[in-house]
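> got a predicted structure plus its sequence, pasted below:
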Amino acid sequence: MSALTEEQRLFRDAVRTFCRQEIVPLVTRAEEAEEFPVALFPKLGAAGFLCPTFPEEHGGSGADTVCFCLLAEELGRVASGIAGSIVAHSSIGTSAIRDFGTVEQKRRYLPTAIRGEAVFAFALTEPNAGSDIRALETRAERRGDRYLLNGAKSFITNGGICTYALVAARTSGEGEKGISLFVVPREAKGFEVTGVVPKLGNRSSDCVGLAFHDCEVLSDCRVGGEGDGFSILMQSLNGGRMVVAARALGIAEAAFDASLRYAKDRKQFGKPIGQHEAIQFKLADMATQLRAARLLIYDAARAKDRGEDVAMLASMAKLFGTEAAQRVVDMALQIHGAYGYTREFPIERYYRDVRLTTIIEGTSEIQHLIIARRLLDQGPIR
Ligand SMILES: Cc1cc2nc3c(=O)[nH]c(=O)nc-3n(C[C@H](O)[C@H](O)[C@H](O)COP(=O)(O)OP(=O)(O)OC[C@H]3O[C@@H](n4cnc5c(N)ncnc54)[C@H](O)[C@@H]3O)c2cc1C
């Protein structure tokens, strides 16, 4: 992308080299074993690729949001599952501590997260609370200088490999006002991993259910004030959504590159299939969708770096970026014909992996709602 600064280009090239050397050799085994290769965390930390936007005073690279999206895009190109664990740790798992934690919490958690010595999960979704965050039922009851957590969480990325989970729990009443956030150590008594989620795709990411049974945490594990959880979550998710879109873009780019090569190599009716107009139209559509998605995602990232309110831009980037990525991967499979449907080509993995991205961190339907509400309240952005 030509609009990258020199620093951003160097960052992207360094991630690309790391992916080629350290991640690509692990992908097939990790996907087959359905396990995240945990030894990657300290290596990513040493390379400066965990929590890249975190400030240098805590050991971070102080990179901008554009760099974080570039990281997600490059990871998405090679292994969306592995990317899922890395970005969950680096964004929604830890960004609330960076933005709303006390000085002591930042000192306690951020350096180890950045170095990859501690792995973070983000535990919001519950059996009865998916899109409707306000309905969450996990409770955190105050007992002197402690809280007792009780409840269940579903689909938690890194839940089985984490050192800490950032858990959303209800400290009072109904609705959004009663939600608070807690850093819960995996070793806390009453913290249970209830089972691995058998997934369609992204098999190399760790994804489990969690349960809390009188799980006791000290009150200094609460991030933000009592009842601040919902508004903190909304801000964390804005950043997270751009990163999900960038990851989807990476998957779709890999599928597109493979399709372009295949269209030149595969011959039918006496000529490469890329010489048939129907295939040419698909390639043109794919490239156009990718370009539009890239422009939206990086426009939102730059707006965040300028300190603007990005709620609507992040939702547009997530909505269009992930839906476009899905369309592109679908066309890629069609271009590959039967071979695309086999496990001998990576297209079937891209097809399974990209499907997740319109669901996590707010489904496409929820992004439509966010965009529409903003339009009706504040008018269009021009
Ligand atoms: C692999 C994987 C990893 C995940 N990782 C995490 C994680 O790390 N942490 C975490 O907390 N969660 C995680 N999730 C959960 C994910 O964020 C939720 O699945 C997502 O928020 C949607 O919730 P739901 O699946 O319960 O869908 P529901 O909310 O039950 O929605 C079902 C359908 O109804 C639609 N719908 C719901 N409400 C409305 C409405 N008002 N208007 C129109 N349509 C609506 C939805 O768009 C969707 O199509 C993960 C999920 C998966 C599959």
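Great, that's in hand.

> give me the number of residues near the residue in the chain that the ligand sits nearest to?
Of all residues in the chain, G130 sits closest to the ligand, at 1.7 Å by CB to the nearest ligand atom. Where C-beta positions appear, they are placed from N, C-alpha and C, glycine not excepted. By the measure other CB atoms under 10 Å, the count of residues near G130 is 16.

> in this model A88 seems to touch F122, though I could be wrong.
Yes - counting by CB atoms under 8 Å, A88 is a contact partner of F122 at 5.9 Å.

> between those two, which contacts overlap?
By CB atoms under 8 Å, 6 or more residues apart in numbering, F122 and A88 have these common neighbours: 157-158.

> hmm, back to that, let me know the pLDDT of the residue of the chain closest to the ligand.
We note a pLDDT of 97 for G130 in this prediction.

> give me the phi and psi angles of E216.
Dihedral pair for E216: phi -100, psi 130, per degrees, to the nearest 10.

> okay, helices next: where are they in this protein?
6-18, 24-33, 40-47, 65-78, 80-90, 95-100, 103-115, 229-265, 277-305, 311-340, 347-354, 364-378 (DSSP state H).

> now mean pLDDT too, for those, in CSV please.
Converted to CSV, those look like this (pLDDT from 0 to 100):
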stretch, mean pLDDT
helix 6-18, 98
helix 24-33, 97
helix 40-47, 98
helix 65-78, 98
helix 80-90, 97
helix 95-100, 96
helix 103-115, 97
helix 229-265, 96
helix 277-305, 98
helix 311-340, 98
helix 347-354, 98
helix 364-378, 96
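
> can you redo those helices as TSV with distance to the ligand and mean neighbour count?
Listed next are these as TSV, based on distance: least, CB to the nearest ligand atom, whole Å; neighbours: other CB atoms under 10 Å:
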stretch	distance to the ligand	mean neighbour count
helix 6-18	22	16
helix 24-33	14	14
helix 40-47	16	18
helix 65-78	14	27
helix 80-90	5	28
helix 95-100	13	22
helix 103-115	15	18
helix 229-265	9	24
helix 277-305	19	18
helix 311-340	11	23
helix 347-354	10	24
helix 364-378	3	15
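
> go through these and name the closest to T194.
helix 80-90 (18.2 Å; CB to CB).

> same for that closest one, what does it pack against?
helix 24-33, helix 40-47, helix 65-78, strand 120-123, strand 146-157, helix 229-265, helix 347-354 (3 or more CB pairs under 8 Å, 6 or more residues apart in numbering; DSSP states H and E).

> show me the contact partners of the fourth one.
Residues lying outside strand 120-123 but in contact with it, judged by CB under 8 Å, 6+ apart, are 88-89, 92-94, 109, 113, 153, 156-159, 162-168, 184, 210, 236.

> and for stretch 278-291?
249, 252-253, 256, 259-260, 263, 273-274, 324, 327-328, 331-332, 334-335.

> before we move on, what about stretch 294-306?
The contact list for stretch 294-306, computed with CB under 8 Å, 6+ apart, reads 1, 3, 64-66, 68-69, 238-239, 242, 245-246, 249, 310, 313-314, 316-317, 320-321.

> switch to 6 Å and redo it
Contact with stretch 294-306 is made by 64-66, 69, 242, 245-246, 310, 313-314, 316-317, 320-321, as judged by CB atoms under 6 Å, 6 or more residues apart in numbering.

> same thing with stretch 86-97?
For stretch 86-97, contacts defined as CB under 6 Å, 6+ apart pick out 50-51, 72, 105, 109, 113, 119-122, 157-158, 166, 181, 223, 232, 236, 239-240, 243.

> got it, and stretch 225-238?
In contact with stretch 225-238 (CB under 6 Å, 6+ apart) are residues 92, 95-96, 100, 168, 171, 176-177, 179-181, 224, 310-311, 314, 361.

> taking those, tell me the two that lie furthest apart.
For these, the farthest-apart pair by CB to CB is T171 and V310; their separation is 28.1 Å.

> these two - which one has more neighbours?
A count of neighbours by other CB under 10 Å puts V310 above the other of T171 and V310, at 24 against 21.

> quick one: contacts for the more buried one?
With CB under 6 Å, 6+ apart, V310 has these contacts: 238, 300, 303-304.

> check L166 too.
Residues near L166 by CB under 6 Å, 6+ apart: 93, 122, 183.

> rerun at 7 Å
Going by CB atoms under 7 Å, 6 or more residues apart in numbering, L166 touches 93, 96, 120, 122-123, 181, 183.

> correct me if wrong: F182 contacts T138.
No - judged on CB atoms under 7 Å, F182 makes no contact with T138 at a distance of 9.8 Å.

> show the contacting residues for A248.
Contacts of A248 by CB under 7 Å, 6+ apart are 76, 321-322, 325, 354, 357.

> check the contacts of V310 and tell me the two furthest apart.
N238 and A303 (10.3 Å).
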